[in-house]
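K.L.:
Need a 3D model of the following:
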Amino acid sequence: MEHGSMEGKTVIVTGANSGIGRATTAAIVKLGGRVIMACRDHGLALEAAREIVQETGAEQSQVSVKHLDLASLASVRAFCHEVIQTESRLDVLINNAGVYQCPLTRTQDGFELQFGVNHLGHFLLTHLLLELLRRSAPSRVVVVSSRLYKRGTIDFSDLNSERSYDRAAAYARSKLANLLFCGELARRLQGSGVTANALTPGMVNTNLGRHVAVPALARPLAALLARGLLRTPEQGAQTSVFLAVSPEVAGVTGKCYADCKPQVLLDRASDPDLAGKLWDISEVMVGITT
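P.N.:
Next up, the predicted model:
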């Protein structure tokens with residue numbers, strides 16, 4: 001697998017202070033790229049940035065931290081405004097951050113948290129940074145989904161879990177939405193020099209599963225099993241890094257990858273009518289007026 005140099009390139013990684021996002025950041029910095037770590041917890045992100053610089057031997061200037069809370073549309077807008085004011089180019093946007101199977105919670109704007117963070121926050125973020133990505137072309141958008149999308153359905157009559165809530169179903173729906181968004185984004189960006197591809201990282205040992213209840217007595221066994229069966233964050237980040245930097249996928253768009261290879265998606269994840277309808281409704285939900 002060939003990785004190109006990222007010298008002189010600027011990359012935004014959401015959720016960059018832990019798990020796959022942190023491993024992705026470290027890998028890109030090692031290749032000479034500059035990463036803007038877009039994170040909700042500023043303190044943890046600064047700590048992670050210091051550690052990444054130490055571990056990789058990178059220049060301090062290669063890693064910067066900016067506050068981004070995807071559960072707040074105002075925060076997304078403020079982050080994008082700052083980036084547009086201060087950055088002359090953006091080569092790669094990696095929509096990595098996510099929440100997983102949390103109890104029913106609402107974002108600042110009243111959205112169910114998993115749909116709000118995993119889909120709507122990234123939807124608005126990408127929309128607001130598109131002009132900068134276009135000006136920086138050839139550039140890339142990378143969307144982290146999950147194989148659990150296969151359990152997801154898009155129910156337009158209850159997108160926001162007003163009538164019922166199942167935490168696993170809501171997560172699967174948000175990950176299906178990621179794939180539909182990526183496919184529609186790729187269609188809309190045809191010929192612009194900006195590509196959009198998604199990936200499923202597999203089962204990775206991160207703190208994403210913190211809301212999954214494990215009985216106290218079973219926790220030592222669960223931790224042991226996790227170490228044995230789950231991928232490390234570095235292994236989980238491989239496809240994100242591949243899609244962000246590899247010359248092999250220059251010009252490739254609208255695909256979903258796993259283990260750095262293109263995948264065949266279920267029909268509902270690549271249905272252009274469903275994707276178009278979700279896009280239109282998402283625009284209304286986040287207040288985009290065109």
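
K.L.:
Please count neighbours and contacts with C-alpha atoms only from this point.
P.N.:
OK.

K.L.:
This structure: strands as residue ranges?
P.N.:
10-14, 34-39, 63-67, 92-95, 139-144, 194-199, 256-258, 261-262 (DSSP state E).

K.L.:
other SSEs contacting the fifth one?
P.N.:
What it means is strand 139-144. If you count contacts as 3 or more C-alpha pairs under 8 Å, 6 or more residues apart in numbering; DSSP states H and E, strand 139-144 packs onto strand 92-95, helix 167-188, strand 194-199, helix 233-245.

K.L.:
I'd like to know which of these lies nearest to Arg106.
P.N.:
helix 167-188 (12.5 Å; C-alpha to C-alpha).

K.L.:
Identify each buried residue in the closest one, please.
P.N.:
Going by neighbour count (16 or more other C-alpha atoms under 10 Å), the buried part of helix 167-188 is 167-186.

K.L.:
In terms of secondary structure, what does that helix contact?
P.N.:
helix 113-114, strand 139-144, strand 194-199, helix 272-286.

K.L.:
can you rerun that using 6 Å?
P.N.:
Of the remaining helices and strands, none touches helix 167-188 by 3 or more C-alpha pairs under 6 Å, 6 or more residues apart in numbering; DSSP states H and E.

K.L.:
who touches that helix?
P.N.:
With contacts defined as C-alpha atoms under 6 Å, 6 or more residues apart in numbering, helix 167-188 is touched by 101, 114-115, 118-119, 145-146, 148-149, 151-153, 196, 253-254, 269, 275.

K.L.:
And the pLDDT at the closest residue to Val241 other than its chain neighbours?
P.N.:
With C-alpha to C-alpha, 6 or more residues apart in numbering as the criterion, Val241 has its nearest non-adjacent residue at 6.0 Å, and that residue is Thr24. Note on Thr24: pLDDT of 98.

K.L.:
residue ranges with poor pLDDT in the stretch 1-150 of the chain?
P.N.:
Residues of the stretch 1-150 of the chain that meet the criterion pLDDT under 70 lie in 1-3.

K.L.:
Would you map the helices across it?
P.N.:
Ranges of helices in the stretch 1-150 of the chain, per DSSP state H, counting those that start in this stretch, are 19-30, 42-56, 73-86, 113-114, 122-135.

K.L.:
quick one: contacts of the shortest one?
P.N.:
Contact with helix 113-114 is made by Val99, Thr105, Arg106, Thr107, Tyr171, as judged by C-alpha under 6 Å, 6+ apart.

K.L.:
just checking, Ala198 touches Val143?
P.N.:
Yes: with contacts counted by C-alpha atoms under 6 Å, Ala198 reaches Val143, the gap being 4.4 Å.

K.L.:
out of these two, which sits in the more crowded spot?
P.N.:
Ala198 (30 against 27; other C-alpha atoms under 10 Å).

K.L.:
any idea how far that one lies from Gly254?
P.N.:
From Ala198 across to Gly254, the span is 8 Å (C-alpha to C-alpha, to the nearest Å).

K.L.:
Between the helices of the stretch 1-150 of the chain, which one is closest to Gln62.
P.N.:
For Gln62, the closest of those is helix 19-30, at 6.6 Å, according to C-alpha to C-alpha.

K.L.:
so what does the closest one touch, helix or strand wise?
P.N.:
Against helix 19-30 (3+ C-alpha pairs under 6 Å, 6+ apart) you get helix 233-245.

K.L.:
try 10 Å this time
P.N.:
Judged by 3 or more C-alpha pairs under 10 Å, 6 or more residues apart in numbering; DSSP states H and E, the packing partners of helix 19-30 are strand 10-14, strand 34-39, helix 42-56, strand 63-67, strand 92-95, helix 233-245.

K.L.:
could I have that helix exported to PDB, CA atoms only?
P.N.:
Extracted C-alpha coordinates of helix 19-30, given in PDB (Å, rounded to 0.1, in the frame of the first residue of the first chain):
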ATOM      1  CA  GLY A  19      -9.200   6.200  19.100                       C
ATOM      2  CA  ILE A  20      -9.200   6.000  15.300                       C
ATOM      3  CA  GLY A  21      -9.000   9.800  15.000                       C
ATOM      4  CA  ARG A  22      -5.900  10.100  17.100                       C
ATOM      5  CA  ALA A  23      -4.200   7.200  15.200                       C
ATOM      6  CA  THR A  24      -5.200   8.800  11.900                       C
ATOM      7  CA  THR A  25      -3.700  12.200  13.000                       C
ATOM      8  CA  ALA A  26      -0.400  10.600  14.100                       C
ATOM      9  CA  ALA A  27      -0.100   8.700  10.800                       C
ATOM     10  CA  ILE A  28      -0.700  11.800   8.700                       C
ATOM     11  CA  VAL A  29       1.700  13.900  10.800                       C
ATOM     12  CA  LYS A  30       4.300  11.200  10.200                       C
END
